[in-house]
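>>> This is the structure alone, sequence omitted:
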Ligand SMILES: Nc1ncnc2c1ncn2[C@@H]1O[C@H](COP(=O)(O)OP(=O)(O)OP(=O)(O)O)[C@@H](O)[C@H]1O
C-alpha cells in the first residue's frame with residue numbers, strides 16, 4: 001500500500017543562481033534607503049560627478065569669498081564693540097544718553113587703547129616668532145586665521161552678516177545652488193519659512209533650458225505651484241513664458257512632485273516649424289494629428305476621432321490655422337469624409353473644396369440655412385449608423401462605437417466624417433426665423449441644438465466636430481454645446497472669462513488663462529485635450545505652439561488628399577462635382593433632438609432613458625399607422641437592457657406591458673409587449689413637461 005518510490009530529482013537546468021543573485025542585489029540597491037539616491041541611476045551618478053568637478057573647480061573662489069565675508073564680519077563686530085554700541089543703544093532707549101555720554105566716551109577710549117595694545121602685542125609676538133622660526137610662522141598663522149574667517153563667513157542660514165539688498169542677477173544661480181531654488185519657492189510663498197524642498201533630480205540641461213524635479217514638503221500640492229507659476233517666475237527672475245511647471249503624474253510622480261523647466265530665452269521667439277504632415281504621403285485619421293510643439297519642443301498630437309474640438313481666440317491669432325492643422329490629418333486619410341463650412345468666406349479654406357464632400361464659403365443667411373440642412377443630414381446619418389450598428393456582430397462592432405475597421409469598410413458606409421465650421425458664431429447668431437415641427441425658432445437656435453446633439457452623440461458614431469470662433473462668449477456659444485465639446489484650444493483672448501469659456505470653468509484658477517498669452521506669439525494657445533482620449537489622461541492642459549502651415553502647404557496637402565481619394569475611389573460630393581443635395585428627414589431629426597424649443601423647456605436636449613433608446617430604436621415606426629405593438633423581448637434584446645429594470649422604468653412613463661399576437665416563423669404566438677400608442681403618449685407627456693424623468697408632475701389646478 002505504502003509504496004516507497006526511490007528516485008533522484010534531476011534538474012537539467014541549474015538554477016540561474018548568479019543571475020538571480022545579481023538581480024536581487026540590484027533590487028536591494030534600488031530600494032535600500034542606505035544607498036544614497038545619487039548612486040541609484042547612471043544619470044544621477046554622472047550628474048553627481050559633474051557637480052563634484054564643478055564644486056572642486058569653484059572651491060578656491062568660494063574660499064576667498066568666505067574669508068572676505070569673515071573679515072567683514074569680524075571688522076563689523078569690532079566696530080560695534082569699540083563704539084560701545086550696545087551701551088549707547090540702551091542709554092538712547094532710556095533717554096539718558098546725555099547723562100551717560102562721558103561714561104560711553106571713556107569706555108570707547110579705553111577699548112581703542114585695548115585694541116591698540118593688542119595689535120602692538122600681536123605684532124611684536126609675530127615678529128619675534130618670525131625671527132626665531134622663520135616665515136613658516138607667518139604662513140601657518142595666516143592659514144589658521146583664513147580658515148577661521150572662512151568658517152565665520154560661510155554662506156549658511158543664520159550666518160552672521162548683512163543680508164544683501166541687491167543680490168545681483170538671480171537668473172540661473174539656482175541651477176548651481178539648490179538653496180536659491182528653495183529661497184525662490186519661499187519668496188513665492190509656495191512653501192513655508194521652515195520648509196524645504198527635496199531635490200529628486202538635480203538641475204540639468206534639457207533642450208534649450210534647464211530642468212529640475214523637486215518634491216514639495218508633505219501636504220503642499222504641485223497643483224498650487226502650477227497655479228502660482230507667475231510668482232515663481234518672478235522669484236526666479238524669468239518671464240513666465242520661459243517657466244514651464246508640470247505635475248509629475250503616474251507611477252513616477254505624486255501630487256507633490258513638480259517638474260520645472262526654465263528656457264534660456266523666449267521659447268516661442270524662434271521661427272515657427274512647418275507641419276510634419278508635409279513629409280508624409282498619407283495619414284491615418286485614427287492616429288492623433290501632429291498639432292504643434294510645447295515650449296520644450298516636445299511634440300503635441302491631437303486625437304480627433306471619438307472627440308470634438310473647439311478653437312477660440314480674438315481675431316488674427318491663428319484660429320483658422322489651428323483648425324486647418326486638424327483638418328490636414330483627416331484630409332490625408334482617403335477614407336475620411338469632410339464637410340467644410342467657411343463662414344469667414346476668405347481664401348483660407350478654399351483648397352479644401354477639392355477634397356470635401358460638402359463645401360461652402362459665405363456668411364449670408366442662405367449659407368446658414370444650407371448649414372442647417374447639412375447638420376440635419378448628419379443627425380439622420382448618426383441615427384442611421386447607430387441603428388445599423390445594432391445589426392453588426394460583436395466581433396465587428398464590440399460596443400456601440402465605430403472602430404477603425406468599420407470606418408474603412410465601404411460596405412458599411414460609416415467613414416469618419418468631420419465637419420469644420422470656421423467662425424461658428426455667425427450661424428449661431430443668425431436670426432432667420434424657422435419653423436421646425438410647428439415650433440418657431442431662429443436658425444441660430446436650431447444650429448445650436450443640432451450641433452449640441454451632434455457633439456453629444458456623433459463622436460462615437462465617427463462624427464468629428466471642429467468649431468472655430470472669434471467670439472468665445474457665453475451668449476454666442478450655448479453652454480450646453482460647450483459642455484459636450486471634448487477638446488478645447490484657446491489662443492489669445494481678451495480676458496480670463498473668455499478663456500474659461502473656451503477651456504472650461506475655473507481653468508484660470510488652475511493656472512490656465514489664455515488671455516495672458518502674448519499678442520506677438522501667433523499660433524500659441526492652451527490645449528485642453530479630451531480627458532476621454534488617452535492623450536488627455538496625463539495632463540490637464542498644455543501651452544502649444546501650433547505648426548505653421550501657410551496656404552501653399554495647405555494647398556499641397558489638399559491636392560495630395562484629392563489624389564489619395566481618387567486612387568481609393570472615395571472622392572465624393574462637392575469635390576467630385578456631384579450635385580448632392582442633402583436628403584432630409586426633418587421630422588425624424590426634430591424628434592431625435594427633442595423637437596426645437598422643447599429643449600429650452602426641459603433644459604436638456606435628450607429624452608430620459610430608456611424612453612430615448614426605445615424612441616431611437618423605433619424610428620419611423622413610431623408614427624401613427626406604422627407599427628401598433630412591439631414585443632418586450634425584441635426591445636430588451638435590441639437595447640441590451642435588464643428586463644425587470646426596463647419594465648419598471650417603462651412603467652414610470654405610463655407604458656404597461658400587454659399581451660398581443662405576433663406572427664413569427666413558427667406561426668402566430670402570443671407575447672408580452674408594449675403598445676406603440678402608449679410609447680407615443682409617454683413621449684408627448686415628457687415633451688409637454690407632464691412627466692420629467694419618470695416622475696409625473698401633478699397640476700395644481
Ligand atoms: N503657428 C503659427 N506660427 C506663426 N504664425 C502663425 C501661426 N498660426 C498662425 N499664424 C499667423 O497668424 C495669422 C492669423 O492667423 P489666422 O488667419 O488663422 O487667424 P484667425 O484667428 O483665424 O483670424 P480671424 O479671426 O481674422 O479669422 C496668420 O496670418 C499667420 O501668419
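Looks like it came in fine. Model, not experiment: these values are computed from the prediction.

>>> going forward, measure contacts between C-alpha atoms and count neighbours the same way
Will do.

>>> Which parts of the helix or strand harbouring residue 141 count as buried, going by neighbours?
Applying DSSP states H and E as the criterion places residue 141 in helix 136-152. Buried residues in helix 136-152, counting neighbours by 16 or more other C-alpha atoms under 10 Å, are found at 137, 146, 147, 149, 150, 151, 152.

>>> Out of those, the closest to the ligand would be?
If you rank the buried residues of helix 136-152 by distance to the ligand using C-alpha to the nearest ligand atom, residue 150 comes first, at 53.8 Å.

>>> surely that closest one meets residue 70?
Yes: between residue 150 and residue 70 there is a contact at 5.6 Å, judged by C-alpha atoms under 8 Å.

>>> Quick one: residues in contact with stretch 512-520.
Residues from elsewhere that reach stretch 512-520, judged by C-alpha atoms under 8 Å, 6 or more residues apart in numbering: 227, 317, 490-496, 498-500, 507, 524-526, 541.

>>> Could you list which of those belong to strands?
The strands in this structure, assigned by DSSP state E, contain 490, 524, 525, 526 from the contacts of stretch 512-520.

>>> biggest separation within the residues you listed, which pair?
Farthest apart among the ones in strands among the contacts of stretch 512-520 by C-alpha to C-alpha are 490 and 524. That separation is 8.7 Å.

>>> which parts of the protein sit against the ligand?
272, 315-321, 470, 522-523, 545-548 (C-alpha under 6 Å from any ligand atom).

>>> between those residues, which has the most around it?
The most crowded member of the residues of the chain next to the ligand, judged by other C-alpha atoms under 10 Å, is residue 319 (30 neighbours).

>>> In this structure that one contacts residue 468, no?
Yes: look at residue 319 against residue 468 with C-alpha under 8 Å: they come within range, at 6.5 Å.

>>> shared neighbours of these two, anything?
Counting by C-alpha under 8 Å, 6+ apart, the common neighbours of residue 319 and residue 468 are 311, 312.

>>> Tell me which helix or strand residue 468 sits in.
When the helices and strands are read off by DSSP H and E, the one containing residue 468 is strand 463-469.

>>> and that strand, what does it pack onto?
Based on contacts counted as 3 or more C-alpha pairs under 8 Å, 6 or more residues apart in numbering; DSSP states H and E, the elements that strand 463-469 packs against are strand 308-312, helix 319-331, strand 417-422, helix 443-457.

>>> Provide the strand pairings for the shortest one, with the direction of each partner.
Each strand that pairs with strand 308-312, with its direction, by DSSP bridges: strand 463-469 (parallel), strand 487-490 (parallel).

>>> report the angle between the axes of that strand and strand 417-422?
10 degrees (axes from the mean of the first three to the mean of the last three C-alpha atoms, to 10 degrees).

>>> Quick one: work out the angle between strand 308-312 and helix 443-457.
Here strand 308-312 points in a direction 130 degrees away from that of helix 443-457 (the same axes, to 10 degrees).

>>> relative to helix 319-331, how tilted is strand 308-312?
Counting by the same axes, to 10 degrees, strand 308-312 lies at 160 degrees to helix 319-331.

>>> Now do strand 308-312: distance to the chain's middle.
Computed by C-alpha atoms, centre = their mean, to the nearest Å, the chain-centroid distance of strand 308-312 equals 14 Å.

>>> Buried residues, stretch 301-320. List them.
In terms of neighbour count (16+ other C-alpha under 10 Å), stretch 301-320 has its buried residues at 301-314, 317-320.
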